[in-house]
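# how would this look folded up:
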Amino acid sequence: MSLSVGTGIRPGAEIAQVLLPANPHASYLAHKDEIDHAVKTVLEGGWYILGHEVAGFETEFAAYIGVAEGIGVGNGTDALQLALRSCGIGEGDAVITVSHTAVATVCAIELSGATPVLVDINPATFTIDLNRVEDALRTGVASHVRAIVPVHLYGHPADMSGIMEIAGRHNLYVIEDCAQAHGATWEQKKVGSFGHFGAFSFYPTKNVGALGDGGALVTNHADLAKKARELRQYGWKDRYISDAHGMNTRLDELQAAILRVKLRYLDQENGRRKQIAGLYSRLLSGTELRLPGESACAGHVHHQYVVRSQKRDALKVLLKDHSVETAILYPIPVHLQHGYIDTAKVGAGGLSETEKVCREILSLPIYPELTDEQISRVSEIIVEGIQ
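Here you go, the predicted model:
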């Protein structure tokens with residue numbers, strides 16, 4: 001396969017403005033009147049921290065996921081760290097996760113005091129390889145393991161039935177990293193409802209995005225929820241009296257109000273993402289790109305549409321020349337980043353699949369406000385440019 005920029009397409013001519021990989025501003029404009037009203041209500045109400053909007057969102061989001069408890073927090077990284085700490089995981093403990101993820105996943109484990117043990121992925125789904133989890137648990141590399149953090153990457157869920165079976169046999173906590181998988185399902189059950197906790201980010205580009213930072217935990221375990229609520233605010237059981245070393249990580253009222261609006265449209269917008277992914281797959285099916293798949297048990301919500309190509313960098317340049325921005329999530333696996341290379345441990349079997357996909361992946365634009373015409377034009381640029 002080769003890529004050519006001599007396609008006869010004049011860069012920037014057909015796409016009047018730059019297409020972005022994600023577009024939070026378009027999401028705001030799609031719901032502008034409702035969001036503006038929600039923000040105005042908070043501003044005029046005079047209560048700005050842990051008030052009616054946060055409580056309402058916690059209840060509504062937990063109900064949407066299908067669990068009993070929701071806890072709003074400052075961001076997705078804090079959600080993961082708070083979940084680990086609420087489970088009593090800290091110094092001297094190890095936590096199994098993947099290296100092909102946002103660095104936040106591994107950062108949160110280290111912030112809790114635990115040691116990350118990174119295992120390889122299934123290249124078909126980009127999610128944690130259960131065989132590598134088993135290998136890690138059989139070796140000394142992963143001694144003192146107390147938890148698994150599966151990452152539901154790009155909107156595709158990890159194999160939660162298999163993960164829960166492994167965790168049950170080894171008496172491990174399971175904390176689901178759902179930052180890219182709002183509304184995704186495994187065997188028709190929403191992610192975030194399987195483990196001891198589900199941790200979500202509401203960064204503006206997410207399927208449910210705030211207009212700033214935000215995050216949440218969900219759980220069916222009342223005791224863990226109680227602990228998390230205490231730890232998110234200094235370890236208070238009673239105001240100003242700390243019974244534990246806590247944090248300050250609170251979802252604020254403005255973001256909660258915005259999220260309550262956005263949540264009402266999640267299923268509709270995930271449906272649009274599925275349509276966009278289907279159109280991409282149909283239009284690109286005749287190319288040499290490796291297109292994303294979907295497990296038979298999975299309900300993919302297409303946070304990203306990720307193709308693979310050995311000519312990835314040239315493809316990225318080709319699209320940029322035609323005013324189409326793309327993303328690489330993620331260009332360097334966490335175990336090779338300088339901030340973590342000396343602290344995170346690599347599990348048994350190595351990370352060959354992780355390192356390979358990081359050289360080949362490219363995320364094409366996908367968000368609900370994209371039109372079929374825009375998707376067709378992006379696909380045409382790719383088809384005409386691949387020779």
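
# And the average pLDDT for stretch 227-246 is what?
Over the span of stretch 227-246, the pLDDT mean works out to 92.

# From the centroid of this structure, which residue is nearest?
Centre of the chain computed as the mean C-alpha position; nearest residue by C-alpha atoms, centre = their mean is Gln180, 2.3 Å away.

# quick one: contacts for that one?
In this structure, Gln180 makes contact with Val151, His152, Leu153, Tyr154, Gly155, Lys206, Asn207, His303, Gln304, judged by C-beta atoms under 8 Å, 6 or more residues apart in numbering. Quick note: C-beta positions are derived from backbone N, CA and C, even for glycine.

# Just list the residues touching the nearest residue to it once chain neighbours are set aside, thanks.
Closest residue in space to Gln180, ignoring its immediate chain neighbours: His303 at 4.2 Å, by C-beta to C-beta, 6 or more residues apart in numbering. Under the criterion of C-beta under 8 Å, 6+ apart, the neighbours of His303 are Tyr154, Gly155, Gln180, Ala181, His182, Lys206, Asn207, Arg273, Ile366.

# element containing His303?
Using DSSP states H and E, His303 sits within no helix or strand.

# ok, it to Glu325 distance?
With the distance defined as C-beta to C-beta, to the nearest Å, His303 ends up 17 Å from Glu325.

# Check Ile375 too.
When distance is defined by C-beta to C-beta, Ile375 is 15 Å away from Glu325.

# for Ser281, same thing?
The separation that Ser281 has from Glu325, given C-beta to C-beta, amounts to 21 Å.

# just Ile166 next, same as before
Taken as C-beta to C-beta, the span from Ile166 to Glu325 is 39 Å.

# What of Trp236?
Shown here: Trp236 relative to Glu325, a distance of 44 Å by C-beta to C-beta.

# Same question for Thr354.
The span separating Thr354 from Glu325 equals 25 Å under the rule C-beta to C-beta.

# any idea whether Leu217 is helix, strand or coil?
Under the three-state scheme (DSSP: H, G, I helix; E, B strand; the rest coil), the conformation of Leu217 reads as strand.

# How many residues are close by the closest residue to it other than its chain neighbours?
Nearest residue to Leu217, sequence neighbours excluded (C-beta to C-beta, 6+ apart): Ile71, at 4.4 Å. When neighbours are counted by other C-beta atoms under 10 Å, Ile71 registers 29.

# ok, now Val145?
Look at Val145: counted by other C-beta under 10 Å, it has 22 neighbours.

# what are the phi and psi angles of the closest residue to it other than its chain neighbours?
Nearest non-adjacent residue to Val145, counting by C-beta to C-beta, 6+ apart: Ala94, 4.6 Å away. Backbone torsions for Ala94, taken as degrees, to the nearest 10, come to phi -120, psi 150.

# gap between Ala94 and Ala108?
Separation of Ala94 from Ala108 (C-beta to C-beta): 14 Å.

# neighbour count winner among those two?
Neighbours per residue (other C-beta under 10 Å) separate Ala94 from Ala108, with Ala108 holding more: 29 against 20.

# Now do the contacts for Val378.
Shown in contact with Val378 (C-beta under 8 Å, 6+ apart): Leu19, Tyr280, Leu319, Val324, Leu364, Pro365.

# Which ones among the residues you listed map onto strands?
By the criterion of DSSP state E, membership of the contacts of Val378 in strands covers Leu364.

# So, low pLDDT: which residues of this structure?
Counting by pLDDT under 70, the chain has low-confidence residues at 1-16, 387.

# which parts of the longest helix seen in the chain are buried?
Once the chain is assigned using DSSP state H, the helix that runs over the most residues is helix 266-283. Neighbour-count burial for helix 266-283, with 16 or more other C-beta atoms under 10 Å as criterion, is recorded at Leu266, Glu269, Asn270, Arg272, Arg273, Lys274, Ile276, Ala277, Leu279, Tyr280, Ser281, Leu283.

# How about stretch 111-128?
In stretch 111-128, the ones that count as buried by 16+ other C-beta under 10 Å are 111-112, 114-123, 125-128.

# Quick one: distance of it to the chain centre.
Relative to the mean C-alpha coordinate of its chain, stretch 111-128 is positioned 13 Å out (C-alpha atoms, centre = their mean, to the nearest Å).

# ok, now stretch 39-48?
If you compare the mean C-alpha spot of stretch 39-48 with that of the full chain, they lie 30 Å apart, counting by C-alpha atoms, centre = their mean.

# just stretch 329-347 next, same as before
Counting by C-alpha atoms, centre = their mean, stretch 329-347 comes out at 18 Å from the chain centroid.

# which residues sit against it?
Residues contacting stretch 329-347 (C-beta under 8 Å, 6+ apart): 94, 96, 99-103, 105-106, 110, 115-120, 132-133, 135-136, 139, 141-142, 154, 304, 306, 351, 354-355, 358, 361, 363.

# 7 Å - rerun?
96, 99-103, 106, 110, 115-119, 132, 135-136, 141-142, 304, 351, 354-355, 358, 363 (C-beta atoms under 7 Å, 6 or more residues apart in numbering).

# before we move on, what about stretch 100-117?
76-77, 80-81, 84-85, 89-91, 93-97, 121, 126, 136, 141-142, 145, 149, 151, 153, 177, 179, 330, 333-334, 337, 340, 343-345, 347, 354, 357-358.
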